[in-house]
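*Asks:* any chance you can model this:
(2 chains)
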Number of protein chains: 2
Amino acid sequence: MTATEKVEQYLKDNAARFEEELKEILRIPSVSTDAAHKPDMLRCAEKLVHFFQAAGMQEARVVETGGHPAVYAQSEQKPDRPTVLVYGHYDVQPEDPLDEWETPPFEPDIRDGKIFARGTSDDKGQFFVHIKAAEAYHKLGLEYPVNYKFIIEGEEEIGSPSLAPWIASHAELLKSDVLMVSDTTLYAPGVPAVLYGLRGLAYIEVEFKGGDTDMHSGMFGGAVPNPANELCKVIAQLKDDKGRITIPGFYDKVRPLTQGERDAWAKLPFDEEEFRKSVGAPQLCGEEGFTTTERRWARPTLDVNGFCSGFTGEGAKTVLPAKAMAKISCRLVPDQDHEEIAKMMEAEIRRLAPPTVEVKVSFHHGGPAWMNNPDHPINEAARKAYRRAWHAEPVLMREGGSIAIVSDFCNTLHIPAILMGVGLDTDNIHAPNEHLTLSDFHAGIAASAFLAEELAELGSWEK
Amino acid sequence: MTATEKVEQYLKDNAARFEEELKEILRIPSVSTDAAHKPDMLRCAEKLVHFFQAAGMQEARVVETGGHPAVYAQSEQKPDRPTVLVYGHYDVQPEDPLDEWETPPFEPDIRDGKIFARGTSDDKGQFFVHIKAAEAYHKLGLEYPVNYKFIIEGEEEIGSPSLAPWIASHAELLKSDVLMVSDTTLYAPGVPAVLYGLRGLAYIEVEFKGGDTDMHSGMFGGAVPNPANELCKVIAQLKDDKGRITIPGFYDKVRPLTQGERDAWAKLPFDEEEFRKSVGAPQLCGEEGFTTTERRWARPTLDVNGFCSGFTGEGAKTVLPAKAMAKISCRLVPDQDHEEIAKMMEAEIRRLAPPTVEVKVSFHHGGPAWMNNPDHPINEAARKAYRRAWHAEPVLMREGGSIAIVSDFCNTLHIPAILMGVGLDTDNIHAPNEHLTLSDFHAGIAASAFLAEELAELGSWEK
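*Replies:* Got it, this is the predicted structure:
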């Protein structure tokens, strides 16, 4: 039996236990945006230290970063092999709307070959595959093919405010040859993805205030400004009838799609009607002149993420609202500057707002888009490893989500990144009934092991 | 001492007790729109029966109407005097947003000469004045100047769905010469109003649905429709830049203001800047070509009363919402038909909605506008009574609110109505910190007694 065969056998023999261990961390409601969950954050971090120790890491500890704690772990660092820095996040999105979950968000439930719980796909079930791959080598008494460094943070869902400066001040500790992140998706069920691009994000919150208090719509309606009507009017003007964002200068720094990309993506297996059905919308939509794939991976967006004003309970209340609030975000592409775009959003909203309302704008987390060179040899290593794990030809692609921290790692440590997603875009991340397909979870563990071997074989690359 | 002087003395001697008794009914959270308050509704109705008995009513009972119970009471009906039907409502608006109340909404608190609690001005503190006026005659051993009939319902805030049919089937029981309603306001502090017009209401709820579930805005944004953006776009198109409602046919049946009304209203004491400051808005607004008073009393409106979509909690969530909901209502003027207008609103919203979203529209309660003949002799009786009670010259006016049931009573029983408001438009009805000025509460009790005497003196009028 070769080392690889031994590892594969070990993964098979321990598959059931891996699922039970994943459930242990899924049960902890590590919601980073809600201060009430602070104790859960530490509890989750400490649980991870335990798993790193079980995987044979020489060092594993909870790291204070200023905000929610991170977890750092590393194997013994040997000079004759490449060093892989694995990044993940143990914090999760809020669980609301709670009443739309079929089983409670923090009581993991397996059905139809999937594990359901908040954080299964984003990101607990994904970074966990690398810990289990390392564990296999350790328990079998084999040497790790690579030096491991792990940094698992607790603030990704709130924009990693503490980790970015921590990376800068710990560049020596984090020194490595490649960043490895599992926080994305396969291209399609059974089809792994070699991912070379992510979108960025600019996110603002807007409040319009009319009167000082909610008022009676009969006694004041028609003469006192309605901030909900006015905010609707302003939001309506942020996009034109062709799906183009109208904010002045918004597209100035957008890097156009290459013809090569457009041609390659047009050839990808993609059934638009099937996609439409899977999301359940009556029709798809988007910016004129681009395909659905291009709109999702390589074009910027503007979406209302939340809107609240007046009486929203059951029944009717004839209230003239005092305030209206909207959360609005833009997904960005290279080379848009997320801070510049956030300021443009604010300026345009202030310009469009009528003098009858007071305008407040605040900024939530954001980050730049990220792109790898698709011709880098690590992509070929990834392709080989995935092909072995999933028995399918991987797709070279970009994705629409944002992981701002990837840019921070790559720019600070001057290393490329491998984004090995084991989720699916139908996993309902950030939504009720989030889940992860268990066969992909197990394939991900194998892929992590194979990739470590491929990287070891690659030996060195231009850094 | 004349009978009137005896009554005035009694009201003075018992003023403190009247306030304590008002508190007793204010403590009961009789929120009609919320099914959880069903037991409170009955408790409040039973408490009113007790007060009617104490005021000497021959009959006082809780009446099943199909929905929340009403209370009916009447004095001995003598043939030599006019019969006054007093209408009021003991149900109240929901108390939210709770955190904006300075003292709890159902724990009445007196400060600065005002009593604060949900329902003080709308409508418990208003209909209560007529019960206390009747009590004065009874306790003093005097004959009531008029025959009293009282109907106090528990469903006004949800559109009186049960009372309208109940009026029709109890027309004989309710037979009377004039309807008396206290559910409106003085013209200004210290200035009573003889009110001859109210606006009507059409109220709809709209839901736009994009995808089947809230989705990740990075993975789906730009290609999957956003119902919040789309609903904003549609709402933005319902009014033009001149504050005119754009719904086709909306103004067709609007009865124009007479030049006499416009001239009279222009002479009313009204400081626009002071009004603006009192509501706290940066600027007033409204339909071009009309004054603030005209906009509030005699022109139709369209207001978003509530809007909810996506993530509205603290922090940022990068969600593409599945649904967006808006509550939208129009205040109506004679001779607009509220059911016709609600259907027009639905049709226009469906016409404007893009094919990318599913549209659901539901109808909340509504009602027609109401107008009295301002030259009717009962208005002169009211003017005299108010002048005595408030020591000020009353104003002949219309108001912007809606009391659909007034039209139902007047049309079914073929009687005119006296709308004797003792509130102020700064009472924060339907809003946090609702209150009623205690001096107006007591003046209202006196005015009710004086008005009974004036009506008795009037003897008869063209019915």
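*Asks:* just the helices in the stretch 151-300 of chain A please.
*Replies:* Secondary structure of the stretch 151-300 of chain A (DSSP state H, counting those that start in this stretch): helices located at A:163-169, A:171-174, A:217-220, A:227-236, A:259-266, A:272-279, A:292-297.
*Asks:* go through those helices and pick out the most buried.
*Replies:* helix A:217-220 (a mean of 28; mean count of other Cβ atoms under 10 Å in any protein chain shown). Backbone N, C-alpha and C define where each C-beta goes, glycine included.
*Asks:* ok, back up a step: which one of the helices of the stretch 151-300 of chain A lies closest to B:Val333?
*Replies:* helix A:217-220 (11.5 Å; Cβ to Cβ).
*Asks:* and the strands in the stretch 101-250 of chain A?
*Replies:* Under the criterion DSSP state E, counting those that start in this stretch, strands of the stretch 101-250 of chain A are mapped to A:109-111, A:114-116, A:147-153, A:178-181, A:193-198, A:200-209, A:215-216.
*Asks:* using TSV, lay out those strands together with mean neighbour count.
*Replies:* Formatted as TSV, the strands of the stretch 101-250 of chain A follow (neighbours: other Cβ atoms under 10 Å in any protein chain shown):
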stretch	mean neighbour count
strand A:109-111	13
strand A:114-116	22
strand A:147-153	26
strand A:178-181	25
strand A:193-198	24
strand A:200-209	24
strand A:215-216	26
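*Asks:* can you put those in a markdown table and add mean pLDDT and distance to chain B?
*Replies:* Formatted as a markdown table, the strands of the stretch 101-250 of chain A follow (pLDDT from 0 to 100; distance: least, Cβ to the nearest Cβ, whole Å):
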| stretch | mean pLDDT | distance to chain B |
| --- | --- | --- |
| strand A:109-111 | 98 | 17 |
| strand A:114-116 | 98 | 13 |
| strand A:147-153 | 98 | 16 |
| strand A:178-181 | 97 | 15 |
| strand A:193-198 | 92 | 8 |
| strand A:200-209 | 97 | 5 |
| strand A:215-216 | 92 | 5 |
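*Asks:* in contact with A:Thr356, which residues?
*Replies:* Counting by Cβ atoms under 8 Å, 6 or more residues apart in numbering or on different chains, A:Thr356 touches A:Gly210, A:Pro225, A:Glu230, B:Ala281, B:Pro282, B:Gln283, B:Leu284, B:Cys285.
*Asks:* between those residues, which is nearest B:Asp34?
*Replies:* A:Gly210 (26.2 Å).
*Asks:* pretty sure that closest one sits against A:Pro321.
*Replies:* Yes: counting by Cβ atoms under 8 Å, A:Gly210 does reach A:Pro321; the two are 7.2 Å apart.
*Asks:* intersection of neighbour lists for those two?
*Replies:* Residues touching both A:Gly210 and A:Pro321 (Cβ under 8 Å, 6+ apart) are A:Asn226, A:Pro227.
*Asks:* and whichever helix in chain A runs longest, what does it pack against?
*Replies:* Taking DSSP state H as the criterion, chain A has its longest helix at helix A:438-458. On a contact count with 3 or more Cβ pairs under 8 Å, 6 or more residues apart in numbering or on different chains; DSSP states H and E, helix A:438-458 meets helix A:3-13, helix A:15-26, strand A:114-116, helix A:125-139, strand A:178-181, helix A:377-390.
*Asks:* just so I know, which of the strands of the stretch 101-250 of chain A lies nearest A:Thr437?
*Replies:* Per Cβ to Cβ, nearest to A:Thr437 of the strands of the stretch 101-250 of chain A: strand A:114-116, 5.4 Å.
*Asks:* what's that closest one in contact with?
*Replies:* A:19, A:22-23, A:26, A:102-103, A:108-110, A:125, A:433-438, A:441.
*Asks:* which positions in stretch A:350-365 come out as buried?
*Replies:* Buried residues in stretch A:350-365, counting neighbours by 16 or more other Cβ atoms under 10 Å in any protein chain shown, are found at A:Leu352, A:Ala353, A:Pro354, A:Thr356, A:Val357, A:Glu358, A:Val359, A:Val361, A:Phe363, A:His364, A:His365.
*Asks:* so what pLDDT did A:Ala316 get?
*Replies:* Per-residue confidence (pLDDT) for A:Ala316: 89.
*Asks:* tell me, how many residues neighbour it?
*Replies:* A:Ala316: 23 surrounding residues under other Cβ atoms under 10 Å in any protein chain shown.
*Asks:* ok, it - contacts?
*Replies:* Contact analysis of A:Ala316 by Cβ under 8 Å, 6+ apart lists B:Thr33, B:Ile158, B:Gly159, B:Tyr203, B:Glu205, B:Asn305, B:Lys327, B:Ser329, B:His364, B:His365.
*Asks:* quick one: low-confidence ranges for chain A?
*Replies:* Along chain A, segments meeting pLDDT under 70 span A:461-463.
*Asks:* that one - how does it break down into domains?
*Replies:* Here the domain assignment for chain A is A:3-198+A:369-458, A:200-254+A:300-363, based on automatic domain parsing.
*Asks:* wait, which of the ones you listed is closest to B:Thr246?
*Replies:* Nearest to B:Thr246 among the domains of chain A is domain A:200-254+A:300-363; the distance by Cβ to Cβ comes to 12.4 Å.
*Asks:* quick one: A:Ala381 from chain B, how far?
*Replies:* 26 Å (Cβ to the nearest Cβ, to the nearest Å).
*Asks:* ok, for that residue, nearest residue in space, not its chain neighbours?
*Replies:* A:Glu454 (3.9 Å; Cβ to Cβ, 6 or more residues apart in numbering or on different chains).
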